[in-house]
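1. Task: produce atomic coordinates for the following.
(2 chains)
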Amino acid sequence: MTLALIVRRSLRQHALSTTITALSIALAGGLLMSVWVVKEQSQRTFTQVNTGFDAVLGARGSKLQLVLNAIFHLEASPGNLPASDYEYVRRHPAVKLAIPIAVGDNLRGYRIVGTIPEFFTGVEYAPGRRFALSKGRLFDPSAKEAVIGSFAARRLGLSVGDTFHPFHGLVYDERNQHAETYVVTGILAPSNTPADKVVWIPIHGLQTMSDHDPRAATDVSAVLIQLRSPSAGFMLDIMYNKQGNRLTFAYPIGAIMAELFQKIGWFDRVLSLVAYLVAAVSAAGVLVAIYNSMASRRRDIAILRALGAGRLFIFSAIVLEATAIGAIGMVAAFAAYAGIVSTVAVVIQAQTGVLLETFAYSPVMLWAPLGMTALCGACGLLPAWKAYRTDVAENLSPIS
Amino acid sequence: MKEPPALLQVSGLRKSFASPDGGRKLIIDVAGFSLAMGEHLALRGESGSGKTTFLNLISGILAPDSGSILLDGADMAALGEHRRDMLRGSKVGYIFQTFNLLQGYTCLENVMLGMTFGTRPDRTQALALLGRVGLSQRLDHYPRQLSSGQQQRVAVARALAKRPRLVLADEPTGNLDRRNAGEALALIRETCLETGAALLLVSHDPGVLGAFRSVRDFAELNLVLREAGS
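-> Numbering: from 1, shown residues only, chains lettered A, B, ... in the order given. The predicted structure follows:
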């Protein structure tokens, strides 16, 4: 009780340094938790997001590029494949469903992807979840109609009944406007998948867009595939990747994304190291703040000692104060964490359409506060030792 | 008439400090000194004569080089620091010239802290004592919100709150004007009488010393000073 009172009063007496130190711990703790959660969540989410497909078939090239292009709508397409290849794989007995997509146009920076209505009606993008329309209806595959992903619709300010002209290429350039006019017939309900940031039109429309090469009017950019069994994937992998040399069969999607995270694992480690260093520096701030205030504390320590407080009591009070600063900082760290991850989540969603579950429980939310608080307590050991050694008689001046 | 038993018995007490020349300088050399239970005694001594060091030795804040300090049956000089802290916390009330109140704590908290170490905090007792020294209306005031005289009254209440057997007062009126000094001194003596605590007060102020029936010269007690004077 007395120890708590003394710590509370000391925190209040040094309110400014307490606040600044706790804030720096809050920021460091928030950063540490954010880095950890974003790393963990993005790895988990991006290796699990497959929008309901097992594999992607595309032109010969990098599997990762193919997956990023066809599933996440990032990167450029490695090339087209003829309609015959699509037809072949669609009829293959190992394939349950094959959905072609065609890319190459954009609407003010948001990708326009051509596909068939079965993409929306025949696929569960996550277990038990199918794409749904929040407004309007699906496009007519033979008409110049479009369905807009929820995020893209919001950003582009489009609603049902609006019209637009597509722009050629994946990068927006107002000089590259196509002549065709598309009308928005539906807005997708948010799915928190890359589909949210895409402008969907019938594949035929994209293939035959004015200024596109008429010789490629039946080509597709990739085929999204659902397999009948995992073994079918390995069979097609051998067929396309080992025995063939024209096409690339990216399977399994999760493993390919995991490879990406393995490749950029060094970046994760650097980011974590920076976060740990920031945490260590901010914890050291506790040491500095308390140590620097020892001169003004000596008299109070001497008075407490004169009243009968033992050295160990004083030592404990300082360590507890350092621990309390750490604990206060780490409580505030959750606010910093919320701010940081919310911002990061918005950026990631804008770039990929994937929404991270930033407020889902992660073990870091337990060990980071406990670890930081303990570290701050440990940083109190040096000033506590100095307090422990305070000469009582010398600091109870004047001497007569 | 039978003399009251001794509360404090000091014998062969010596204390030296390191001197700048690398040697040690003897400051305290008291062959014998005693204080009876409930006795009020004033020690007269000039500034720098070692009075505070003597009180610090008795209270166990400092450890002597040699000798014994029997306080209520326990030899303060033979105890380790932790036991000395506990003995001081339970048996000794200390009143300082500069009050030494904790600035971040209210009057009531200062008094409560005075009884925290070595005894059980007793809020009723703290409130009663603050009432006794006329500060019932200032319980939640901080030292900086009080006059010097009021601060010393809080210090008196704090020293007596744990019902100590011995109250040490080191120039308790040194920082007060004449009127407040008189009031503070009367308060210290009265409250010690009420609680039965022995009082050992050191001062060089004739006005303070004049209020005591028993006054001793610290220069006669401390052989270091006696030899320096001879």
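2. now the helices for chain B?
-> All helices of chain B, identified by DSSP state H, fall at B:51-59, B:81-91, B:107-114, B:123-132, B:148-161, B:178-195, B:206-209, B:218-221, B:223-229.
3. and chain A, which of these is closest to it?
-> Among those, helix B:81-91 comes nearest to chain A, with 2.2 Å by Cβ to the nearest Cβ. In short, each C-beta sits where N, CA and C put it, glycine included.
4. residue contacts, residue 150?
-> Here I'm looking at chain A. Contacts of A:Ser150 were listed using Cβ atoms under 8 Å, 6 or more residues apart in numbering or on different chains, and they are A:134, A:187-191, A:196.
5. Not quite, go with chain B.
-> Contact analysis of B:Gln150 by Cβ under 8 Å, 6+ apart lists B:135, B:138.
6. And for the one 3 residues further on?
-> With Cβ under 8 Å, 6+ apart as the criterion, the residues that contact B:Arg153 are B:133-135, B:184, B:187.
7. run the last query once more with 6 Å
-> Contact analysis of B:Arg153 by Cβ atoms under 6 Å, 6 or more residues apart in numbering or on different chains lists B:133, B:135.
8. The one 5 residues further on too?
-> The contact partners of B:Arg158, taken as Cβ under 6 Å, 6+ apart, are B:110-111, B:114.
9. re earlier: kindly give a single ChimeraX line that selects the buried subset of the contacts of A:Ser150.
-> Here is the ChimeraX command that selects only those of these that count as buried (16 or more other Cβ atoms under 10 Å in any protein chain shown):
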select /A:187,188,190,191,196
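10. pLDDT added to the contacts of A:Ser150, as CSV?
-> Converted to CSV, the contacts of A:Ser150 look like this (pLDDT from 0 to 100):
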residue, pLDDT
A:Ser134, 95
A:Ile187, 97
A:Leu188, 96
A:Ala189, 95
A:Pro190, 93
A:Ser191, 91
A:Asp196, 93
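11. Which one of the contacts of B:Arg158 is nearest to A:Phe139?
-> Distance to A:Phe139, by Cβ to Cβ, is smallest for B:Asn110 among those, at 79.7 Å.
12. Surely that closest one touches B:Phe99?
-> No: in this structure, B:Asn110 is not within contact of B:Phe99 by Cβ atoms under 6 Å, at 9.5 Å.
13. quick one: which of these two has more around it?
-> B:Asn110 (27 against 22; other Cβ atoms under 10 Å in any protein chain shown).
14. related to what we said a few turns ago, restricted to strands, list the contacts of A:Ser150.
-> Among those, the members found in strands (DSSP state E) are A:134, A:187-188.
15. Just give me the residue right at the centre of chain B.
-> In chain B, the centroid-proximal residue (Cα atoms, centre = their mean) is B:Leu168; its distance is 1.4 Å.
16. Next, find the distance separating that residue from B:Leu130.
-> To B:Leu130, B:Leu168 is 21 Å away according to Cβ to Cβ, to the nearest Å.
17. Residue of chain A closest to chain B, please.
-> A:Gly308 (2.2 Å).
18. roughly how far apart are the closest residue to that residue other than its chain neighbours and A:Ala384?
-> Leaving aside its chain neighbours, A:Gly308 sits nearest to B:Gly89 (2.2 Å; criterion: Cβ to Cβ, 6 or more residues apart in numbering or on different chains). For B:Gly89, the distance to A:Ala384 equals 20 Å [Cβ to Cβ].
19. again with A:Phe267
-> Distance, A:Phe267 to A:Ala384, using Cβ to Cβ: 39 Å.
20. higher neighbour count, those two?
-> Remark: of A:Phe267 and A:Ala384, A:Ala384 carries more neighbours, 25 against 11, as counted by other Cβ under 10 Å.
21. any idea of the pLDDT on the more buried one?
-> With respect to pLDDT, A:Ala384 scores 95.
22. Confirm that it sits in a strand.
-> No: assessed with DSSP: H, G, I helix; E, B strand; the rest coil, A:Ala384 is helix; it does not lie in a strand.
23. Wait, it touches A:Phe315, no?
-> Yes: A:Ala384 lies in contact with A:Phe315 (Cβ under 6 Å); the separation is 4.6 Å.
24. next structured bit after the helix or strand harbouring A:Pro100?
-> Assigned by DSSP states H and E, A:Pro100 belongs to strand A:95-107. As assigned by DSSP H and E, the chain's next helix or strand after strand A:95-107 is strand A:110-115.
25. Off-centre distance for that next one?
-> Centroid separation for strand A:110-115 versus its chain: 23 Å, with Cα atoms, centre = their mean, to the nearest Å.
26. Beyond that strand, next helix or strand please.
-> helix A:118-121.
27. Would you mark the buried spots in that following helix?
-> Within helix A:118-121, the residues scored as buried using 16+ other Cβ under 10 Å are A:119-120.
28. strands paired with the next helix or strand after that helix, and their directions?
-> Toward the C-terminus, helix A:118-121 is succeeded by strand A:124-126 as the next helix or strand (DSSP H and E). Counting by DSSP bridges, the strands paired with strand A:124-126 are strand A:129-130 (antiparallel).
29. List, one by one, the residues from chain B near chain A.
-> Proximity of chain B to chain A, by Cβ under 6 Å from any Cβ of the partner chain, involves residues B:47, B:51-52, B:56, B:61-62, B:82, B:85, B:88-89, B:94, B:100, B:102, B:104-105, B:113-114, B:116-118, B:171.
30. what's the average pLDDT for stretch A:256-265?
-> 85.
31. any idea how far it is from the chain center?
-> Mean-position distance between stretch A:256-265 and its chain equals 15 Å (Cα atoms, centre = their mean).
32. With stretch A:214-226 instead?
-> Worked out by Cα atoms, centre = their mean, stretch A:214-226 lies 31 Å from the chain centre.
33. What residues of it count as buried?
-> Neighbour-count burial for stretch A:214-226 [16+ other Cβ under 10 Å]: A:218-226.
34. do stretch A:306-326 as well
-> In stretch A:306-326, counting by 16+ other Cβ under 10 Å, buried: A:306-311, A:313-326.
35. Tally up the residues packed near the residue nearest to A:Ala393 when sequence neighbours are not counted, please.
-> Leaving aside its sequence neighbours, A:Ala393 sits nearest to B:Asn56 (Cβ to Cβ, 6+ apart; 4.9 Å). As a burial measure, B:Asn56 scores 23 neighbours (other Cβ under 10 Å).
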